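*Asks:* Next one to model:
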Amino acid sequence: MNLLEGIKVVDFSKWLPGQYCGMLLGDYGADVIKIEDLAGDATRRFWPEKAPAMSYWHLMLNRNKRGVALNIKKEGGRKILQELLAEADVFLEGFRPGYLARYGLDYASVRRLNPRLVYCSITGFGQNCHKPAHDLNVIGLAGLNSLDDVGSACVSEVQVSAIGSGLSALSGIAMALLARERTGEGQQLDVNLYATALSMQVTGISSLWGCRETGDKPFGRTAHYYNIYKTKDGRYLTVGTIEPKFWQRFCDLIGCPELGKRQYDFAHGGELQDLVAAKIAGKTQAEWLALIGGAEFCVTPVCSLDEALQSQLTQQENILQTADCDLGRLRYVGGPVKFSSGAGKIARRAPFLGEHTLEILQELGYDEQSVGKLRQEGAI
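*Replies:* Reported below is the predicted structural model:
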């Protein structure tokens, strides 16, 4: 069963947030039409490339989509997009506020063509700010670069606000489609990376506000019983012993059972952290893991990405998939949600630039002569 069968999505996003959202919609059965300008998305050429203008990034994020290349600066290109939107259920766009309005493709204009359309805009800072930004800029402004208790700035391997915004868009679209079933009306969704980054810090913000009222010191993300410690061989263990029973078991493990009663001794937190660090540094990661065995400690290794992909946890998720195509065998990371009825699948590789333009124009009723004229005009 294709969960989203019959849902048509026009994906006019150029960067990660919209591409990721459109990918998941396509995985679960929506007909996703990927719109690009005639030069193609910049992400097509991100290193490394499987084939010219077919980067691994593009192949992952634009799978299960049909590709159309349009020039909306030409009347013919605009008309094609308007015709697609007139029969679509969802429009994903990631342009700066006001850009699409120049071409009569803003929500107010498109709504007149299709009042049932769910129009999802993903920007850096919302509809009232024209600032350009990418994930690193956004998380810096939102306070997410300072992820440790001493305020050290860092660059995450995960584009936190971008992926988060893709998921926010996905959930917003699902809710808007559900509301449409009740009202018959679509609506515009305003998703932005900055608001997403703030929302994801809900626990930290609530702690900050609470401590300002009570006069307490903010707890932060780390403590002696919740931290990362280096082992003898330069590897690491994560110690997440929040529950007292796990903290006590951990103290027994490292040969310091008396520390079990000092879990909340924050006045000597630095001293306790140094003590634990010295104990963990006395053995290799493998030696600690052998001592832990299958017992429940909330103590786990810090894995490399390769180790994580090869782990038993990953294998049992069945989230890694392969599919053969004209470019050879491609590997994919599937969607994270499992449904009791219906499943996501990789039905088609990402499109070459404009690969399905002719197919989709024919579906719209264009004949060979009309298509030739559009090509001459530079509209497609």
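*Asks:* Strands along the stretch 251-380 of the chain, start to end?
*Replies:* Applying DSSP state E, counting those that start in this stretch to the stretch 251-380 of the chain gives strands spanning 299-301, 320-325, 328-333.
*Asks:* Please apply the same query to the stretch 51-200 of the chain.
*Replies:* So, for the stretch 51-200 of the chain - with DSSP E, counting those that start in this stretch - the strands run 54-55, 65-69, 90-93, 118-123, 187-192.
*Asks:* out of these, nearest to residue 3?
*Replies:* When those are compared by Cβ to Cβ, strand 90-93 sits nearest residue 3, at 14.1 Å. For every residue, glycine as well, the C-beta is placed using N, CA and C.
*Asks:* for the closest residue to residue 259 other than its chain neighbours, what are its contacts?
*Replies:* Computed as Cβ to Cβ, 6 or more residues apart in numbering, the closest residue to residue 259 that is not its neighbour in sequence is residue 251, at 4.4 Å. For residue 251, the contact set (Cβ atoms under 8 Å, 6 or more residues apart in numbering) comprises 257-260.
*Asks:* Distance of residue 251 relative to residue 275?
*Replies:* Per Cβ to Cβ, to the nearest Å, residue 251 is found 10 Å from residue 275.
*Asks:* hey, what's in contact with both of the two?
*Replies:* residue 259.
*Asks:* Including mean neighbour count and distance to residue 359, could the strands of the stretch 51-200 of the chain go into TSV?
*Replies:* Shown next, in TSV, are the strands of the stretch 51-200 of the chain (neighbours: other Cβ atoms under 10 Å; distance: least, Cβ to Cβ, whole Å):
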stretch	mean neighbour count	distance to residue 359
strand 54-55	20	19
strand 65-69	23	7
strand 90-93	27	20
strand 118-123	26	24
strand 187-192	20	29
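*Asks:* Grab the nearest non-local neighbour of the most far-flung residue of the chain relative to its centre.
*Replies:* No residue in the chain sits farther from the centre than residue 258, which is 43.5 Å out by Cα atoms, centre = their mean. Once flanking residues are discounted, residue 258 sits nearest to residue 251: 7.5 Å by Cβ to Cβ, 6+ apart.
*Asks:* What pLDDT does the model give the one you found?
*Replies:* Looking at residue 251, its pLDDT is 97.
*Asks:* swap in the one 4 residues further on?
*Replies:* In the prediction, the pLDDT value recorded for residue 255 is 96.
*Asks:* gap between stretch 163-182 and the chain center?
*Replies:* The chain centre lies 14 Å from the centre of stretch 163-182; the measure is Cα atoms, centre = their mean, to the nearest Å.
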